[in-house]
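Chemist: structure for the following, please:
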Amino acid sequence: MSGIAASLASAPIVWREFPTGGSLAEAFAQWTADLLQEAVAARGEATLVVSGGKTPKLYFPALSRKEIDWSRVNVTLADERRVPDDDPRSNAKLVRETLLQSFAAAARFVPLANSRLSPDKELAAARARIANLPAPFDLVVLGMGDNGHTASWFPEGDHLAAAMNPGERALVLPMTAPDAPEPRLTLTARVILRARALALHIEGETKRAVLAKALIDGPDEDLPIRTVLRGAPERLTIFDAR
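Modeler: The predicted model follows:
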C-alpha cells in the first residue's frame, strides 16, 4: 500500500480506502447518490455509467436504496458482453437485478448491446443510443481486471488502440481479445475520459498490486487502466477495499 500512496502523493487522483467491501459500498453509494442529485439539480438530469463483474455486488444494492430523484437519472454501461439479456454473464442482467431495484427502479436504463441483431446493426444501435444521451456523462464507474483491463479495453484487444485514443471519433467499439471469452462492445476514451467525474472501484490485494504497477511508467497497452489514470487524474476517485 505504501507504494500506491507514494505514487498518488504527487497526483490529483483522490484515493479512498475502506476496511471492508461493505463499508466501501455504503460510502461509495452515498457519494454517487450525492453526485447524481447535484447533477439533476444543476442540469435537470444525470447520466451514470456503470461496469459489471463481481466487484459491484454490494455497491449496486446500496446505491439502489438511496432516495434521490431517480426518474431523472439515465443509467448505461461502460461495456457489455455480446450475450442474450438473460445470460448470467450479461452486465445488463446484473444491473437490472441488483441496481434497478428499490428507489433506483425509476431510473431510465439504456443497455449497450442487443445480441439479437447482427454485429453491424448492434454496433450502430449502441452508438446511436449513447449519442442520444446528454454529454458529457456525469459519472463513469469503472472496474479493473487482474490483467489491467477496464471497460473492455483488454490487452491485445483487436480495437484496443482506437478504444483508448481520446481522439477516436467512435463512441462505441467492438472488442475481441484473448482474455475475453465473448465478443464485446465498449465505450471509448472519447466518452469515458470526458466524463465530469470518474470512479475506479477495486477490492483485494491482487487488484491493489495491479494498480500499483499501473501507477508507474509503462505502456498503456500493457495495462489499459493507465489510460484512465493518466488521462483524467483530476476527475478520478479510487475506491479501494482491503
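Chemist: where do the strands sit along the protein?
Modeler: 14-18, 46-50, 73-77, 79-81, 108-110, 139-142, 172-177, 180-187, 198-203, 236-241 (DSSP state E).
Chemist: so what are the sheet partners of the fifth one and their directions?
Modeler: So the one you mean is strand 108-110. Strand 108-110 has the following sheet partners, assigned by DSSP bridges: strand 73-77 (parallel).
Chemist: give me the contact list for the partner strand.
Modeler: For strand 73-77, the surrounding residues in contact (Cβ atoms under 8 Å, 6 or more residues apart in numbering) are 36, 40, 45-52, 91-92, 95, 99-100, 104, 107-112, 129-130, 133-134, 187. Where you see a C-beta, it was placed from the backbone N, CA and C, and this is true even at glycine.
Chemist: quick check: ChimeraX command selecting the buried ones in these.
Modeler: Buried members of the contacts of strand 73-77, defined by 16 or more other Cβ atoms under 10 Å, are picked up in ChimeraX with:
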select :36,40,45,46,47,48,49,50,51,52,91,92,95,99,100,104,107,109,110,111,112,129,130,133,187
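Chemist: one step back: mind checking which of the strands of the chain is nearest A124?
Modeler: Nearest to A124, of all the strands of the chain, is strand 172-177, at 9.3 Å by Cβ to Cβ.
Chemist: quick one: mean pLDDT for the closest one?
Modeler: Mean pLDDT, strand 172-177: 98.
Chemist: which helices and strands sit right next to it?
Modeler: Contacts defined by 3 or more Cβ pairs under 8 Å, 6 or more residues apart in numbering; DSSP states H and E place strand 172-177 against helix 119-131, helix 160-163, strand 180-187.
Chemist: determine which stretch of the ones you listed is the most buried.
Modeler: Burial of those is given as mean neighbour count (mean count of other Cβ atoms under 10 Å); strand 180-187 ranks first at a mean of 21.
Chemist: so what secondary structure elements neighbour that strand?
Modeler: On a contact count with 3+ Cβ pairs under 8 Å, 6+ apart, strand 180-187 meets strand 79-81, helix 119-131, strand 172-177.
Chemist: now render these as a markdown table, adding distance to A199.
Modeler: Listed next are those as a markdown table, based on distance: least, Cβ to Cβ, whole Å:
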| stretch | distance to A199 |
| --- | --- |
| strand 79-81 | 15 |
| helix 119-131 | 19 |
| strand 172-177 | 21 |
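Chemist: among the ones you listed, which comes closest to L229?
Modeler: L229 lies closest, by Cβ to Cβ, to one member of the helices and strands packed on strand 180-187: strand 79-81, at 17.9 Å.
Chemist: can you list the strands that that closest one pairs with?
Modeler: Counting by DSSP bridges, strand 79-81 is paired with strand 180-187 (antiparallel).
Chemist: using PDB, list the CA coordinates for the partner strand.
Modeler: Extracted in PDB, the C-alpha atoms of strand 180-187 (Å, rounded to 0.1, in the frame of the first residue of the first chain):
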ATOM      1  CA  ALA A 180     -12.300 -12.100 -23.200                       C
ATOM      2  CA  PRO A 181     -14.400 -15.200 -23.700                       C
ATOM      3  CA  GLU A 182     -17.100 -13.400 -25.600                       C
ATOM      4  CA  PRO A 183     -17.100 -10.600 -28.200                       C
ATOM      5  CA  ARG A 184     -17.900  -7.300 -26.500                       C
ATOM      6  CA  LEU A 185     -18.900  -3.700 -27.000                       C
ATOM      7  CA  THR A 186     -17.100  -0.900 -25.100                       C
ATOM      8  CA  LEU A 187     -17.300   2.800 -24.700                       C
END
